[in-house]
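In: got a structure for you, letters missing:
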């Protein structure tokens with residue numbers, strides 16, 4: 001107990017300003033303990049900020065990376081689970097695209113298309129004045145083939161002709177209607193029918 005009492009008395013009387021740091025070896029025990037505690041605290045603080053804080057930052061980065069990897073894994077797992085459905089959908093799109101291409105006439109089919117248009121006019125009771133191919137217009141994926149058509153007849157006959165051409169198996173769109181009336185009440189219609197063909201490498 002006397003040793004503890006002496007230590008407490010030394011601690012109470014300890015004045016750091018009065019100590020000579022060049023003679024630290026002869027300091028009272030209380031002084032050496034306090035300096036040692038201060039030194040340990042400094043070392044601990046420097047170690048924390050230089051090492052532990054870096055570990056904390058690294059841990060936060062690892063946690064963030066783990067979350068990203070987990071999200072990426074879940075996304076890829078979902079894609080893998082739906083891969084069969086994606087392939088089926090792609091095949092359906094290719095089939096639909098192929099079906100659309102079959103509706104586009106090739107160069108060799110254009111004369112037959114003109115004959116079909118002429119036949120629709122005759123079936124509608126119209127007089128075909130002219131059916132003329134215009135200059136092709138090249139787009140990114142297809143080539144547009146305009147056809148200038150002039151027909152004459154009654155109002156309902158013109159309507160039947162337009163309906164018949166629009167309902168042909170091949171893709172034909174109608175544009176630029178121009179209808180004029182003659183002296184006997186007969187109507188003359190100028191119209192542009194456009195059909196399309198797939199743009200090949202030669203084009």
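Out: Everything's here; your move. Quick caveat: nothing in here was measured; it's all calculated off a predicted structure.
In: every contact and neighbour count from this point should use C-alpha atoms.
Out: Fine.
In: packing partners for the helix or strand hosting residue 173?
Out: Using DSSP states H and E, residue 173 sits within strand 172-181. Using 3 or more C-alpha pairs under 8 Å, 6 or more residues apart in numbering; DSSP states H and E, the elements in contact with strand 172-181 are helix 155-166, strand 187-198.
In: ok, and what's touching stretch 152-166?
Out: The list of residues contacting stretch 152-166 from outside it, by C-alpha atoms under 8 Å, 6 or more residues apart in numbering, reads 117, 120-121, 123-129, 172-174, 186-189.
In: can you rerun that using 10 Å?
Out: Around stretch 152-166, the neighbours that count as contacts under C-alpha atoms under 10 Å, 6 or more residues apart in numbering are 116-129, 151, 167, 171-174, 179-182, 185-191, 193.
In: for ChimeraX, what selects the buried ones among those?
Out: Buried members of the contacts of stretch 152-166, identified by 16 or more other C-alpha atoms under 10 Å, are gathered into one ChimeraX selection as follows:
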select :117,118,119,120,121,124,125,126,128,151,171,172,173,179,187,188,189,190,191,193
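In: hang on, the earlier thing: relative to the whole chain's centre, how far out is the strand holding residue 173?
Out: 40 Å (C-alpha atoms, centre = their mean, to the nearest Å).
In: just checking: what are the partner strands of that strand?
Out: Strands adjacent to strand 172-181 in the sheet, as given by DSSP bridges, are strand 187-198 (antiparallel).
In: what's the next secondary structure element after the helix or strand of the chain with the lowest mean pLDDT?
Out: Confidence across the helices and strands of the chain bottoms out at helix 2-12, with a mean of 52, counting by mean pLDDT, DSSP states H and E. The first helix or strand that comes after helix 2-12 along the chain, using DSSP H and E, is helix 29-47.
In: and the angle for the helix or strand following that following helix with helix 29-47?
Out: The C-terminal neighbour of helix 29-47 among helices and strands, as given by DSSP H and E, is helix 53-81. For helix 53-81 against helix 29-47, the angle between stretch directions is 30 degrees (axes from the mean of the first three to the mean of the last three C-alpha atoms, to 10 degrees).
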